[in-house]
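**Student:** generate coordinates for the sequence data below:
(2 chains)
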Amino acid sequence: MFVINCPYCGERDQTEFSCHGEAHIARPDNPAEVSDEEWGEYLFFRNNPKGIHFERWTHDHGCRRWFNVMRDTVSDKIIKTYKMGDQKPGVTDV
Amino acid sequence: MNNDKNHLSPLAYKIPINSDNISLQQNEFIGKLNLRVKENDLKAREVVEKHFNYNLPKLSGEVSGNDESRVLWLGPNEYLILCGDENKSNIINILKEKLKESFYSLTDVSDYYLTMRLSGPKSIEVLSKACPLNFEKNLLKKDSCAQSYISKATVLIDRLSDEPVFDISVRWSFAEYLWDWLADSSNEFVISE
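**Tutor:** A predicted model of the protein is given here:
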């Protein structure tokens, strides 16, 4: 059983959660002024690292809150979970 | 089972289970209100707490209440208020008036959910068949609640006493499915030895 630590509910089974892609992607402040290339970059292009990856998850069947997850894509190990709005942890922080 | 909404319930024609090991019944309809206030809005919290005369739950799964009402933790800024059907409009009016200056939402969700009660010494065994909560770890003690799923239905489980007595709230449209699932899973404990 794969257990995820929800920042609000504590340790729960993975099946209660779902992943919604990469975290910390900021929408450009001035969409009308950015070039098509920059907009495309924001809209479609995502990192696909081998190693540490930051993702957005929701606790669908629990508190239904969104939070961020720092996960190692090689070992599938979840290194850290933290609330939306919290500072993105550096690789050396954990 | 004697209030007039019961004939509308999808569980109206289900046969309750009553045995030494396991029991399953539909609860009477009661008032259910979803309240959202900001976590850090102490003033709003105080207003609500003063009205109910007890504290709002702060941590995951906490439940507070008295004989008249019960407040369940649903999220860091979200609560479910359970009260008698007759008190419902009263609570709505008072909270609306008192929270006028706060940022809040109060939704009457009484008819969103049906609640069924699963009880008896084998009820944890039945729930464990398809609910990922760790009942061994004693997450769900007396007067605490947890949201999770049972088989394919998202549920809110509220434990009422030290004995295994669980009030399981489920969306109206899932009620029949969940009842059938629970009844089927309880079946092996009902058959007399």
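**Student:** return stretch B:143-156 as CSV; C-alpha atoms alone will do.
**Tutor:** Below are the C-alpha coordinates for stretch B:143-156, written out as CSV (Å, rounded to 0.1, in the frame of the first residue of the first chain):
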residue,chain,number,x,y,z
ASP,B,143,-16.5,11.4,18.4
SER,B,144,-14.4,11.7,15.3
CYS,B,145,-15.1,11.5,11.7
ALA,B,146,-13.2,10.8,8.5
GLN,B,147,-13.9,11.2,4.8
SER,B,148,-12.9,8.4,2.5
TYR,B,149,-14.6,5.9,0.3
ILE,B,150,-16.3,2.5,0.6
SER,B,151,-16.0,0.5,-2.5
LYS,B,152,-16.8,3.1,-5.2
ALA,B,153,-18.7,5.6,-3.1
THR,B,154,-17.2,8.6,-1.4
VAL,B,155,-18.4,8.7,2.2
LEU,B,156,-18.2,10.6,5.4
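**Student:** residue B:9: neighbour count?
**Tutor:** Here the number of neighbours of residue B:9 (other C-beta atoms under 10 Å in any protein chain shown) works out to 16. Quick note: C-beta positions are derived from backbone N, CA and C, even for glycine.
**Student:** ok, now residue A:74?
**Tutor:** Neighbour tally, residue A:74, other C-beta under 10 Å: 11.
**Student:** just the pLDDT for it.
**Tutor:** Note for residue A:74: predicted pLDDT of 96.
**Student:** likewise for residue A:27?
**Tutor:** Reported pLDDT at residue A:27 in the predicted model: 94.
**Student:** which stretches of the chain have low pLDDT?
**Tutor:** Reading this off chain A. Where chain A drops to pLDDT under 70, the residues are A:1, A:93-94.
**Student:** chain B, not that one
**Tutor:** Within chain B, the ranges that satisfy pLDDT under 70 run B:1-7, B:138, B:192-193.
**Student:** chain B: helices as residue ranges?
**Tutor:** With DSSP state H, the ranges of helices along chain B come out as B:42-52, B:88-98, B:123-128, B:175-190.
**Student:** can you check chain A too?
**Tutor:** A:36-44.
**Student:** ranges for the strands of chain B?
**Tutor:** Assigned by DSSP state E, chain B shows strands spanning B:17-18, B:23-26, B:31-37, B:63-65, B:69-75, B:78-83, B:104-108, B:113-119, B:144-150, B:153-159, B:165-171.
**Student:** out of those strands, nearest to residue A:69?
**Tutor:** Of all the strands of chain B, it is strand B:69-75 that lies closest to residue A:69, at 18.0 Å by C-beta to C-beta.
**Student:** which residue does chain A bring closest to chain B?
**Tutor:** Among all residues of chain A, residue A:13 sits closest to chain B, at 3.4 Å; criterion: C-beta to the nearest C-beta.
**Student:** which residues touch that residue?
**Tutor:** Residues near residue A:13 by C-beta atoms under 8 Å, 6 or more residues apart in numbering or on different chains: A:1, A:2, A:3, A:4, B:132, B:133.
**Student:** go with 6 Å
**Tutor:** Contacts for residue A:13 (C-beta atoms under 6 Å, 6 or more residues apart in numbering or on different chains) come out as residue B:132.
**Student:** ok, residue A:83 next?
**Tutor:** Contacts of residue A:83 by C-beta under 6 Å, 6+ apart are A:7, A:67.
**Student:** try it again with 8 Å
**Tutor:** So residue A:83 contacts A:7, A:8, A:67, A:68 (C-beta under 8 Å, 6+ apart).
**Student:** how close does the last one get to residue A:85?
**Tutor:** From residue A:68 over to residue A:85 the distance is 9 Å, taken as C-beta to C-beta, to the nearest Å.
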